[in-house]
Each structure stands twice: as C-alpha cells, then as structure tokens.
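Asker: compute the structure for the input listed below.
(one chain, ligands or ions: 2)
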Amino acid sequence: MKNKAIFLDRDGIINKEVENLYKKEEIVLIEGIPEILKILKENKFKLIVVSNQPVIARGIATEEEIQEINREINVKIKEKTGIEIDKFIFCPHHPNANVEKYKINCECRKPSPGMLNEAAKEFNINLKESWMIGDRTSDIIAGKNAGCKTILIEKEYSYKKIEGKNYDSEILADYILKDQNKLVEIILKEKKISKAIILSAGLGTRMGDVTKRIPKVMLELKGKPLLLHNIEKLKEYGVKEFYLNLHYLPETIINYFGDGSKFGVKISYNLEPELLGTSGALNAFKECLNEDFFVIYGDVIGKINFENWVKFHKEKNADVTLIIHPSNHPEDSDIVEIQESNSKIINLIKKPGNKNFGILGNAAWYIVSPKIFEFIPKGNSDFIKDVFPEMLKAGLNLYGYNTLEFLSDVGTPERFKKAEEKFKT
Ligand SMILES: [Mg+2]
Ligand SMILES: [Zn+2]
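Answerer: Numbering: from 1, shown residues only. Ligands and ions are numbered 1, 2, ... in the order given. As a prediction, the model looks like this:
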C-alpha cells in the first residue's frame, strides 16, 4: 500500500514568517499547528516540509544552520504533541545566488515539484492522495505540478509575483483559507470510506444444486469466491473493516476468511439463526458502523470505480447513495425514481409489475450514513420496503448514482455466466 502525505511549506505555515530565519531564538510556531499535525499524523499522513531557503544562496545562512533550525522546529513540535515531522527538505538554490555553487536553475525550487517528487520516491507516496499546504502561489503551483490537492492559507504576500511571472493562485488552489483552523476538517472530509458490510447470509436457492454444499457468496468466479472478489476490490479502494452477517453454512465462510488478517483486512461476523433481511442485518453492527459505510450485497459483483461513487456521495452531501442503472426488466426490478436535474431520489418501488415508473433499477450496493439506524426496526426488515421509504418521508437525502459500469446480481446460473464473461478481461 502506498502512503499519503501532507507537504507543508515551512515559513508562514509551521512557523511565523520572519525575514531571514536562521537563529533558533526567532522560531515561533504558529498557534495550533502542532496539534493539527498530530491529528494528521494519527490519520496516517506522512508529514513532509518542503521549503525554499534562498537565504543559503544569498550567503546569509549555511545549509547546516538551516538544518539546525529544522531540528529545533521538530523539538518544539515534539514537546507539545509527542509527534515529529517525518522529513524536512529544502532547496538552497537560487538563479541569482551570491554563493556560486547555489547559482543554478534547479528542479527543486518551488514552484517546481522536485522536492515533492523526491519525497514521494523515498516514502512511497501516492501524490494524488496527498496535499500541499502553503502560503504562496509558488507552493500551490508546486503542489499542482506534483499532482497533489492544494490548500492556500492566504497571507498579504500570498500572491506576490514569482520571478516576474504573475500566477493567479486564486484559480489554482483547491481550497483557500484565512487561517489554519479548517485544515483538518477539509483534509479528513476527503477521508476514504473505510468500513463495509457485506450481506452474506443468502441461501442461493435460485442457483440450484451448486449451493447445496456452499453458501452463495462462496461460489467461485474465475477460481475465487465472490466474497473474496468483493473484499479485494473494496480493500483496493481503501476499506479496512468488513462486517459479515452469516446464516447458511457459516463455518465455510469463517474457516476461509478467519479474522481477515490473512487478507490484510479486519473481518467481524454476526450469525443470524433466523434471517434478519437486508437492512435488519445492519443492527448487529450498529456500534461499529458509526461513520459512512458501504452496504454490499454479497451476491452482486461488479467493476465499479469506488472513488467516483464516493465523490458523488460526498458532493451531494447524501445520507444514502444507491447505485442505479437501466434495467431491461423494470417490471420485476426494484425501481428508483429520481429528479432528473440532480439525481435526488423521489420514489422507490419494489417490483412494480409494470413500466410506469421508468427503468432505473436499484443495483443493490449503497453508501449509507449511520443516520440510517434511526429507521431500521428491530428484527427482520428490508431496505427498499421498510427503510428507504421512511427516510424519504423524513426528508433525508437519498441519491441515485447512475452508472453504466458493470454491476450485476449473480444469483441465477445465467447471470453468473454473464459475470464470468465480464470478469475475463
Ligand atoms: Mg511560506
Ligand atoms: Zn533547488
């Protein structure tokens, strides 16, 4: 797994900007920054400072003196929070340097992305999942050039020209903030959805003899159980914790997956002596499912871009986002009616028996907010019959994510065959 990082400009972001900082006594950390860094580090971000230090090129300070300042900054952060910045990188160069050896057009001086790229190699960083935080246009452009998301903390000097070029970073930064207070909120809002419940209790009666000996979710597609296909896909996106409800031949599943550690994930189970239905299965995991999570029907398999789906869910500020797609048998599908302008769901009809409600079918994978637990009754219940309609009535935001990506229930031998075809490539 690749790491993600927060790249930070130093002067003006970590410590107060003073002219030519090379004396330890002049280091003043910006209030709140050590605590912010601690939270980001706890959320698995590498912390990497990337700063231009033209004071070296000008002959005002040496590289050693700058390293000493950086060490001292880390000492101060550690005293406050117990954590440290993982690495300080700085560019000592300048095209008009007084000190001859630093007088080069280097690739590290921001707005070039050299320092970010160097760190990405050393720490195995996925730059797309990383952020650049700075107080100057050059920081933002460096971040953009490296492929990171960017945050400008606006100062009076933020938009000063760089080497005669007038960059307009108001257009460029993904977020522009007045101070550091919202940093954590913004960065963690883009956090991955890390939990999923996979409904795994189904009997698979429609599959005939093949499911007499194994649970439906353990049927092999391309030599791998359906359940493993789904766990691997979700893990690849970023899910770490899985919750499975079991009923039919539970030991087959438990023996195969155990606690998930063999597969690099964490799996918890709930055994249902009597089936609790699709939504009823969630209640057992209520304590753990305390942030937005995926609901995956275990007998549905697909090639969904989870990143795009989650982005849609967040942009809509949705309480539930259902994947929907055109059905060629709407009369016996669960049909979803949406407002065309914004994809907001206005009605859900379980197997309407006619084509009066359109053809957008529920593909049976959801992202849901924990608010859903207020609407799930005790015992057996069903999302489409019992839960989603009540949420709509209560004014919650349900959205349909209409995609043509492959996603299919493989609960019948014909559909299973079709999925096998799709998974060949
Ligand atoms: Mg700065
Ligand atoms: Zn340089």
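
Asker: now do the phi/psi pair for S381.
Answerer: Backbone geometry at S381, expressed as degrees, to the nearest 10, gives phi -160, psi 170.

Asker: which element is V55 on?
Answerer: If you go by DSSP states H and E, V55 is part of helix 54-57.

Asker: which parts of the stretch 101-250 of the chain sit against ligand 1?
Answerer: Residues of the stretch 101-250 of the chain lying near ligand 1 by Cβ under 5 Å from the ion: D135. Glycine gets a C-beta too; all of them are placed from N, C-alpha and C.

Asker: the strands in the stretch 101-250 of the chain, which residues?
Answerer: For the stretch 101-250 of the chain, applying DSSP state E, counting those that start in this stretch gives strands covering 131-134, 149-153, 175-177, 195-199, 220-221, 224-225, 241-246.

Asker: check these for me and report the most buried one.
Answerer: The highest average neighbour count among the strands of the stretch 101-250 of the chain, using mean count of other Cβ atoms under 10 Å, belongs to strand 131-134 at a mean of 28.

Asker: who are the packing partners of it?
Answerer: Counting contacts by 3 or more Cβ pairs under 8 Å, 6 or more residues apart in numbering; DSSP states H and E, strand 131-134 packs against strand 4-8, helix 137-146, strand 149-153.

Asker: state the mean pLDDT of the longest one.
Answerer: Translated: helix 137-146. The pLDDT scores in helix 137-146 average 94.

Asker: tell me if it is near ligand 2.
Answerer: No: if you take Cβ under 5 Å from the ion as the test, helix 137-146 misses ligand 2, and the best it gets is 11.4 Å.

Asker: which helices and strands sit right next to that helix?
Answerer: Using 3+ Cβ pairs under 8 Å, 6+ apart, helix 137-146 is in contact with helix 114-123, strand 131-134, strand 149-153, helix 169-172.

Asker: E337: which of the ones you listed is closest?
Answerer: strand 149-153 (35.4 Å; Cβ to Cβ).

Asker: for the stretch 201-350 of the chain, which residue gets nearest to ligand 2?
Answerer: In the stretch 201-350 of the chain, the residue that lies nearest ligand 2 is E307 (33.6 Å; Cβ to the ion).

Asker: what residues are up against that residue?
Answerer: For E307, the contact set (Cβ atoms under 8 Å, 6 or more residues apart in numbering) comprises Y237.

Asker: look up how far I141 lies from it.
Answerer: 25 Å (Cβ to Cβ, to the nearest Å).

Asker: about what we covered before: of all the helices and strands packed on strand 131-134, which one is nearest N290?
Answerer: Here strand 4-8 is closest among the helices and strands packed on strand 131-134 (Cβ to Cβ), at 22.7 Å.

Asker: just checking: what are the partner strands of that closest one?
Answerer: Partners of strand 4-8 in the sheet, by DSSP bridges, are strand 45-52 (parallel), strand 131-134 (parallel).

Asker: surely I36 is in contact with I186?
Answerer: No: the criterion here is Cβ atoms under 8 Å, and I36 misses it with I186 at 11.1 Å.

Asker: the more surrounded of those two?
Answerer: I36 (19 against 15; other Cβ atoms under 10 Å).

Asker: so what's G134 closest to, chain neighbours aside?
Answerer: Leaving aside its sequence neighbours, G134 sits nearest to D9 (Cβ to Cβ, 6 or more residues apart in numbering; 3.8 Å).

Asker: how many residues are close by the one you found?
Answerer: By other Cβ under 10 Å, 25 other residues sit near D9.

Asker: quick one: contacts for it?
Answerer: Contact analysis of D9 by Cβ under 8 Å, 6+ apart lists V49, V50, S51, K110, M132, I133, G134, D135, R136, D139.

Asker: and the closest residue to the fifth one other than its chain neighbours, how far is that from ligand 2?
Answerer: Across the structure, with Cβ to Cβ, 6+ apart as the measure, the residue nearest M132 apart from its sequence neighbours is G143 (2.6 Å). Using Cβ to the ion, to the nearest Å, one gets 16 Å for the distance from G143 to ligand 2.

Asker: G143 and L152 touch, don't they?
Answerer: No: under the criterion of Cβ under 8 Å, G143 is not in contact with L152, lying 9.3 Å apart.

Asker: can you list residues touching both of these two?
Answerer: With Cβ under 8 Å, 6+ apart as the test, G143 and L152 both reach G134.

Asker: residue of the stretch 151-300 of the chain nearest ligand 1, please.
Answerer: Nearest to ligand 1, among the residues of the stretch 151-300 of the chain, is K155, at 7.8 Å (Cβ to the ion).

Asker: so who does the residue in the stretch 101-250 of the chain that ligand 1 sits nearest to touch?
Answerer: Nearest residue of the stretch 101-250 of the chain to ligand 1, counting by Cβ to the ion: D135, 4.4 Å away. By Cβ under 8 Å, 6+ apart, the contact list for D135 reads D9, G12, I13, E17, L152, I153, E154, K155, Y157, S158.

Asker: that older thread, tally of neighbours for the residue nearest to M132?
Answerer: 30.

Asker: picking up where we left off before, could you identify the most distant pair in the contacts of D9?
Answerer: V49 and R136 (14.3 Å).

Asker: the more surrounded of these two?
Answerer: Taking neighbours as other Cβ under 10 Å, V49 and R136 compare with R136 leading, 26 against 23.

Asker: test my guess that that one contacts E154.
Answerer: No: look at R136 against E154 with Cβ under 8 Å: they stay out of range, at 10.0 Å.

Asker: any regions of the stretch 101-250 of the chain where pLDDT drops low?
Answerer: Low-confidence regions of the stretch 101-250 of the chain, defined by pLDDT under 70, span residues 161-171, 190, 204-205, 207, 210-211.

Asker: enumerate the residues of it near ligand 2.
Answerer: C106, C108, R109.

Asker: which of these has the most neighbours?
Answerer: Neighbour counts for those, by other Cβ under 10 Å, peak at R109, which reaches 24 neighbours.
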